[in-house]
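[1] Build the 3D model from these lines:
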Amino acid sequence: MSGVGQYSAFADVAIYEALRTPWVDLGGALSLVSPIDLGIKVGREVLARAGIDPLAVDSVLAGSMAQASFDAYLLPRHVGLYSGVAQSVPALGVQRICATGFELLRQAAEQLRDEVQLALCVASESMSRNPIAAYTHRDGFRLGGEVQFKDFLWEALYDPAPGLDMIATADHLARRHGLSREAVDRYACASHQRALQAQRDGAWAEEIVTVDNQVFELEGYQPRGIRLARRAAAVTQDSHPRPTDLAALARLRAVHANGVQTAGNSCAVVDGAAAALVGRASACPRVPLARLLASAVVGVAPEFMGIGPAPAIRLLLHRSGLSLDDIGRFEINEAQAAQVLAVAQELELDSTRLNVQGGSLAVGHPLAATGLRLVMTLAGQLRRHNLRYGIAAACVGGGQGMALLIENPAYRG
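    Take a look at the predicted model:
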């Protein structure tokens, strides 16, 4: 059916294992580390945790948004090689901005329809290493001419089609859905409180691996490795969740005049990487983390790009034959508080099933890696609470939405 988005259903596809580094604030302990090396770290760790020989991997899929190192083109290939995957196994770069992590899983599931038995999916993002860039000076500088070096991390938020940055698109949604500054701040405060509680309860611990200084050897080739900044010896947990209250959030200035979005109710800027192993459920040597049932991706108006998860979730439910009531948990990326509130309002989602461990407002949003984090966080909740189905979703810059449907393989009805 044309004009309604893309839906894919998957049979016998499972996420064997998934994990991530801690999400660390901009300029923090991970700020010197290439996203390639963060990707190698999680690639190696997910194979080790799953107890799977790297030589069993048939495909490497990897994603990263900004080119945060001079060898950025080689990210997928080097992640595979230095993770121990056979040299003959190809690697593919995948990009769907904030839904890149979802797209990695979708691409892996599609490859399983053919000869691939096991795919290594890795997403890595260094926001700290986003460059100060110039695109118009290849031929040099004219005397007295304009010099156009700009901050890629900031400029990449701007969409020239509607003439708006992504924060302004959330303000558009706030006006359209009648969301006040107080309501938006209240949601952000709750996200931080939920994340702090999840951290205290150890809910994040099962998905996080410690990152320390280390060297990655590959016989016959130059070594790579991780060197942490700020004299850190190791990083063990997310750095951004912190105590806050409504009064503190209310004191922050809105990014745009008459808007509701501030630094406090927008996603945290962090560095991090995540990885997942995707294979046939029937061939998994133990109960997998989750079954991947379906995906849906849609386009929406760029000026309201944050609403994308709503039509994506509707398409996913319609084509899979499920209702909202069948879904035990929703993990919807918190790009901005107004954005996720608009989605929840449109779908009439109750807060008891939405982002119950907090979200990107509190833990951060390393663009390419967030989708994998949402899925592993969701899978953990389904298992702990004996829930059958969960949906992870995100809006995408430029005007898209993507959602994945997963099932708890250990569910006892």
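[2] Could you use CA atoms for every contact and neighbour count after this?
    Fine.
[3] give me every residue that touches residue 215.
    223-226 (Cα atoms under 8 Å, 6 or more residues apart in numbering).
[4] could you say which helix or strand contains residue 391?
    strand 389-396 (DSSP states H and E).
[5] Tell me the strands beside that strand, with direction?
    If you go by DSSP bridges, strand 389-396 pairs up with strand 327-332 (parallel), strand 400-407 (antiparallel).
[6] Show me what it is in contact with.
    96-99, 305-309, 312-313, 326-335, 371, 374-375, 378-379, 382, 401-408.
[7] Using PyMOL, define a selection of the buried residues within these.
    To isolate the buried members of the contacts of strand 389-396 in PyMOL, using 16 or more other Cα atoms under 10 Å:
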select buried, resi 96+97+98+99+305+306+307+308+309+312+313+327+328+329+330+331+332+333+334+335+371+374+375+378+379+382+401+402+403+404+405+406+407+408
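[8] about what we covered before: export the strands paired with strand 389-396 as a markdown table, with columns for distance to residue 283 and mean pLDDT.
    Listed next are those as a markdown table, based on distance: least, Cα to Cα, whole Å; pLDDT from 0 to 100:
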| stretch | distance to residue 283 | mean pLDDT |
| --- | --- | --- |
| strand 327-332 | 26 | 98 |
| strand 400-407 | 17 | 98 |
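[9] May I see those strands arranged in JSON lines, with distance to residue 237 as well?
    Formatted as JSON lines, those follow (distance: least, Cα to Cα, whole Å):
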{"stretch": "strand 327-332", "distance to residue 237": "20"}
{"stretch": "strand 400-407", "distance to residue 237": "26"}
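[10] Let me see the mean pLDDT of stretch 164-174.
    Averaged over stretch 164-174, pLDDT sits at 96.
[11] again, but for stretch 212-228
    98.
[12] thought residue 104 was touching residue 61?
    Yes - using Cα atoms under 8 Å, residue 104 makes contact with residue 61 at a distance of 6.3 Å.
[13] what residues are shared contacts of those two?
    With Cα under 8 Å, 6+ apart as the test, residue 104 and residue 61 both reach 94, 121-122.
[14] So which of the residues you listed are in strands?
    Within those, residues falling in strands by DSSP state E are 121-122.
[15] From the shared contacts of residue 104 and residue 61, list the buried ones, please.
    Buried subset of those (neighbour count, 16+ other Cα under 10 Å): 94, 121-122.
[16] wait, which of those residues is closest to residue 249?
    Nearest to residue 249 among those, counting by Cα to Cα, is residue 122 at 34.5 Å.
[17] circling back: which of the shared contacts of residue 104 and residue 61 lies closest to residue 12?
    Of the shared contacts of residue 104 and residue 61, the one sitting nearest to residue 12 (Cα to Cα) turns out to be residue 121, at 17.5 Å.
[18] Report the contact partners of the closest one.
    Here residue 121 is in contact with 43, 60-62, 104-105, 108, 275-278 (criterion: Cα under 8 Å, 6+ apart).
[19] Distance of it relative to residue 287?
    Residue 121 sits 19 Å away from residue 287, going by Cα to Cα, to the nearest Å.
[20] so where do the helices sit in the stretch 251-400 of the chain?
    Applying DSSP state H, counting those that start in this stretch to the stretch 251-400 of the chain gives helices spanning 309-320, 337-347, 360-363, 370-384.
[21] so after the lengthiest helix in the chain, what's the next helix or strand?
    Secondary structure of the chain per DSSP state H: the longest helix is helix 181-201. For helix 181-201, the following helix or strand on the C-terminal side (DSSP H and E) is strand 211-212.
[22] Now residue 197. Nearest residue, chain neighbours left out?
    In this structure, residue 197 finds its nearest non-sequential neighbour in residue 357, 7.6 Å apart by Cα to Cα, 6 or more residues apart in numbering.
[23] rewinding a little: okay, residue 104 and residue 61: which has more neighbours?
    residue 104 (32 against 26; other Cα atoms under 10 Å).
[24] follow-up on the earlier one: buried deepest among the helices of the stretch 251-400 of the chain, which one?
    helix 360-363 (a mean of 29; mean count of other Cα atoms under 10 Å).
[25] low-scoring stretches of this structure, by residue?
    1-3 (pLDDT under 70).
[26] if you set the cut-off to 50 instead, what comes out?
    1 (pLDDT under 50).
[27] Spatially central residue for it, please.
    The centre of the chain sits closest to residue 370, judged by Cα atoms, centre = their mean, with a distance of 1.1 Å.
[28] Verify the stated contact: it with residue 98.
    Yes - counting by Cα under 8 Å, residue 98 is a contact partner of residue 370 at 6.9 Å.
[29] And residue 208, how far from residue 86?
    Separation of residue 208 from residue 86 (Cα to Cα): 26 Å.
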